[in-house]
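**Q** sequence and predicted structure, then a few things I'm wondering about:
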There are 2 protein chains.
Amino acid sequence: MKYGFAKRVNHMQSSAVRDILKVVNKGDVISFAGGLPDEKLFPVQEVRKAFDQALLSNPKVLQYGETEGVPALREQLTVRMKVKGIYRDPEHVLVTSGSQQAIDLFARVMFNPGDIILTENPTYLAALQVFQSYEVNIVPVDSDEDGMVQGDLEEKIQRLKPKCIYVVPTYSNPGGKVWSLERRKQLLKLAKKYHTIIFEDDPYGDIQFDQSENIPPLASMDDNKYVVYTSTFSKTVVPALRTGWIAGPYQIIRMMAQAKQATDLHTNSLSQHALIHLMREFDLDGHIRTLRQAYKERMLVMKGIFDKGEDLPIQYTEPKGGMFFWVSMPESVNTTALLNEAVENGVAFVPGAPFYVNTPAQNTLRLNFTNAEPEEIETGMKRLVEVMNQSSVSM
Amino acid sequence: MKYGFAKRVNHMQSSAVRDILKVVNKGDVISFAGGLPDEKLFPVQEVRKAFDQALLSNPKVLQYGETEGVPALREQLTVRMKVKGIYRDPEHVLVTSGSQQAIDLFARVMFNPGDIILTENPTYLAALQVFQSYEVNIVPVDSDEDGMVQGDLEEKIQRLKPKCIYVVPTYSNPGGKVWSLERRKQLLKLAKKYHTIIFEDDPYGDIQFDQSENIPPLASMDDNKYVVYTSTFSKTVVPALRTGWIAGPYQIIRMMAQAKQATDLHTNSLSQHALIHLMREFDLDGHIRTLRQAYKERMLVMKGIFDKGEDLPIQYTEPKGGMFFWVSMPESVNTTALLNEAVENGVAFVPGAPFYVNTPAQNTLRLNFTNAEPEEIETGMKRLVEVMNQSSVSM
């Protein structure tokens, strides 16, 4: 039987990243493809203790819960955000099933078909997928190392009157870059001038390699009017709990909570209660410092091997945090084709193309450095360098 | 600042049930309003053990997982469905964040604005909310005690060419009724004749009071072509884990998995792994038998008090399973007004109006009998009967 699907499915596509993951999970391939944290660094015993405490506390932790999230968790989230200079009340916070759901619910309550959304380019693939499923027009803004370029940004805001500007300003996925303070201020100024909402997606902000660097989130410079801010426990605690949050103006948060009620009633509340215990009794900040150190070391191993390959036909900027290396190869190289050769040689990456809004740079690729241990990174990178060198020979 | 929301938010409304829940959670009100199972009957120690086993097994249970769900859980779900006569392969199953998400994802991939959806009337409130948010036209079909009336159903299918027929055929919410075998067969015959998809929502099927009664799910009579079937662990294990599933034709399940990827990546996988352990080592069917007995006893306490009130101005049918009593009062009574009096008298219910597609029967109400213990039910029902009697006096 042929089924008549909704028109919006024409705008949906399976994530290239996830499809590749399925392939590389088999055999002896060292994968730099996914965006996975390292499960060997998970605080398993502490998570176990936290679940045990939650389950011993009261059977009500297993009952239906409030759509907005468990009140004590929302309270604790405001405390964590305060440390970053983001002052919000618990009623400005909605707990979501991962920050991916925050993006989806925001799109759901804000976007009409045909609305304009401004983004960086390349940008977070799965945000593009959400936006496309709501049939909006995504328009990329010129960006450089420091963030969106002011001139192009203002011109596009003026001319296109976007519904929203979506940014991952701190250790972006896939670019690994961080916006300068000046560009942050400029963006906020323009948002205020033209009454445009900024969606600040901040899953990686805690994975900061230079601890003396002070990069205030956009939300910390806003009076809870123009910035909605989302983050997650997926990178700093564990991904499996699918617990993220979004903070923003009350009207928007309330509307998103209504949408969430129809979508999944509420986020897994046992996990929320366990996170409350974990945040109270576990040195989460100490754990985050451990992660920063481990991931920085791995990034340096990756960088080291690139730097040793003297004639290697690549360009990159050293990531200051996060989980990704973004690499450009000569324009004649198509990294999607290169991936096949790489997988045959026992290493995987993600081609850069799907991260682009429109015409992709086919010569780019993304490498994740958090999921493999240093020795594996060395082995995998040697395999990759070999494939990269061959690609330049065959040009 | 005024925010420009999407047009679809005009079709969203907060659930009356949840708004009332917020009020009655305070003070000495005995609530028959929610649709909550009894947390005192939760298998807390077994859930605790299952989480512990999952967390001791492998740190990968805390890593990102597959959008479709943990393979071993999908496998186990096919085994559970087989007992009900529903033969499906694991690839026909998608694990969802509660069965609420199954309804939402199905609507997302199937419905265009203006599509026609046929439903019973009254029907599950939160399904109506989902459908409305996709801007479809919901058309009720005449129903009696045994299910949708064949003549009206066929006329509407022929004339309106609905995209889908949504039904809760077994111990429905709010009606508490169960479709006869004949009506089930008729519905399937029409679905096949007119190539129409049936969405069978079955959260309550396991809560069956007469264990000799054999009520096959619609999905068991279908060759995986016309019926998508959803159920959940929320009523039989615990709601907090937000784990449900949907089984249906591969094309639809695959498309829903793509939509789910953009929505929340995947359902909490630690909970999925814990459920795998729970289903393997815990006598879930024994536990379900305990629930059936306890809930039946409570239903009978409720019924007993209604039956004692000789001149009580109400009509109802004894529920054969599920969690709800559906009550009609004289047409002059408005149960929304009555609720205020009831809450003042220390008891709460849900007015029936929001469960209706169009013109509501304002004289109806829904009572939940699973969340309060027998003695509480007695006390609460006495308070309710008092208010009901006064309402008939003041007419």
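**A** Done, it's in.

**Q** any idea how far A:P37 is from chain B?
**A** 8 Å (C-beta to the nearest C-beta, to the nearest Å). No exception for glycine: its C-beta is placed from N, CA and C like everyone else's.

**Q** tell me how chain A divides into domains.
**A** Split into domains by automatic domain parsing, chain A comes to A:7-42+A:286-393, A:60-281.

**Q** residue numbers of the stretch 251-395 of chain A in contact with chain B?
**A** Within the stretch 251-395 of chain A, the positions near chain B by C-beta under 8 Å from any C-beta of the partner chain are A:251-252, A:255, A:258-259, A:261-271.

**Q** mind giving me the PyMOL command for buried ones among those residues?
**A** In PyMOL, this line selects whichever of these come out buried by 16 or more other C-beta atoms under 10 Å in any protein chain shown:
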select buried, chain A and resi 252+255+258+259+261+262+263+264+265+266+267+268+269+270+271
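
**Q** may I ask which two of the residues of the stretch 251-395 of chain A next to chain B are separated the most?
**A** A:Q251 and A:L270 (30.1 Å; C-beta to C-beta).

**Q** picking that back up, deepest of the domains of chain A, which one?
**A** A comparison of the domains of chain A by mean neighbour count, using mean count of other C-beta atoms under 10 Å in any protein chain shown, puts domain A:60-281 on top with a mean of 21.

**Q** now the element after the strand or helix carrying A:T290, going C-ward?
**A** Using DSSP states H and E, A:T290 maps to helix A:284-308. The C-terminal neighbour of helix A:284-308 among helices and strands, as given by DSSP H and E, is strand A:315-316.

**Q** so what touches that following strand?
**A** Contact with strand A:315-316 is made by A:306, A:325-329, as judged by C-beta atoms under 8 Å, 6 or more residues apart in numbering or on different chains.

**Q** and of those residues, the nearest to A:I103?
**A** Distances from A:I103 to the contacts of strand A:315-316, taken by C-beta to C-beta, are shortest for A:W326, at 20.8 Å.

**Q** so who does that closest one touch?
**A** Residues near A:W326 by C-beta under 8 Å, 6+ apart: A:122, A:174-177, A:316-317, A:319, A:352, A:364-367.

**Q** what is it paired to in the beta sheet?
**A** For A:W326, the beta-bridge partners are A:R366 (DSSP bridges).

**Q** gap between it and A:V350?
**A** Distance of A:W326 to A:V350, computed by C-beta to C-beta, to the nearest Å: 10 Å.

**Q** likewise A:V327?
**A** Taking C-beta to C-beta, one finds A:V327 at 11 Å from A:V350.

**Q** before we move on, what about A:E213?
**A** A:E213 is 27 Å from A:V350, by C-beta to C-beta.

**Q** before we move on, the earlier item: now, the residues of the stretch 251-395 of chain A next to chain B that are in helices?
**A** A:251-252, A:255, A:258-259, A:261-264, A:269-271 (DSSP state H).

**Q** A:G34: which of the residues you listed is nearest?
**A** Closest to A:G34, out of all of these and judged by C-beta to C-beta, is A:S271, at 21.8 Å.

**Q** could you check the pLDDT of that closest one?
**A** Here the pLDDT value assigned to A:S271 is 98.

**Q** ditto for the one 5 residues further on
**A** Predicted confidence (pLDDT) for A:I276: 97.

**Q** also A:T336?
**A** pLDDT recorded at A:T336 is 89.

**Q** ok, the one 3 residues further on next?
**A** Model confidence at A:L339, given as pLDDT, is 91.

**Q** so A:K40 is in contact with A:E373, correct?
**A** Yes. If you go by C-beta atoms under 8 Å, A:K40 and A:E373 touch, sitting 7.3 Å apart.

**Q** can you redo the domains of chain A as TSV with distance to B:L118?
**A** Shown next, in TSV, are these (distance: least, C-beta to C-beta, whole Å):
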stretch	distance to B:L118
domain A:7-42+A:286-393	21
domain A:60-281	20
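
**Q** worst average pLDDT in those?
**A** Among the domains of chain A, domain A:7-42+A:286-393 has the lowest mean pLDDT, at a mean of 90.

**Q** am I right that A:N112 is in a strand?
**A** No. Assessed with DSSP: H, G, I helix; E, B strand; the rest coil, A:N112 is coil; it does not lie in a strand.

**Q** check contacts around it.
**A** Contact analysis of A:N112 by C-beta under 8 Å, 6+ apart lists A:136, A:163, B:6-8.

**Q** show me these that map onto strands.
**A** Assigned to strands by DSSP state E, none of the contacts of A:N112 qualify.

**Q** which among these gets closest to A:D311?
**A** Closest approach to A:D311 among the contacts of A:N112 (C-beta to C-beta): A:V136, at 43.6 Å.

**Q** state the distance from that closest one to A:Q258.
**A** With C-beta to C-beta as the criterion, A:V136 and A:Q258 are 21 Å apart.

**Q** also A:Y194?
**A** Taken as C-beta to C-beta, the span from A:Y194 to A:Q258 is 27 Å.

**Q** do the same with A:G147
**A** Note on A:G147: its distance to A:Q258, by C-beta to C-beta, is 33 Å.

**Q** quick revisit: pick the one among the ones in helices among the residues of the stretch 251-395 of chain A next to chain B closest to B:P360.
**A** The nearest member of these to B:P360, counting by C-beta to C-beta, is A:A262 at 19.3 Å.

**Q** skipping its backbone neighbours, what lies nearest the residue positioned nearest the centre of chain A in space?
**A** Centre of chain A computed as the mean C-alpha position; nearest residue by C-alpha atoms, centre = their mean is A:P203, 4.9 Å away. Once flanking residues are discounted, A:P203 sits nearest to A:T232: 5.0 Å by C-beta to C-beta, 6 or more residues apart in numbering or on different chains.

**Q** taking the stretch 201-350 of chain A, what residue is nearest to chain B?
**A** The stretch 201-350 of chain A approaches chain B most closely through A:V238 (3.8 Å), counting by C-beta to the nearest C-beta.
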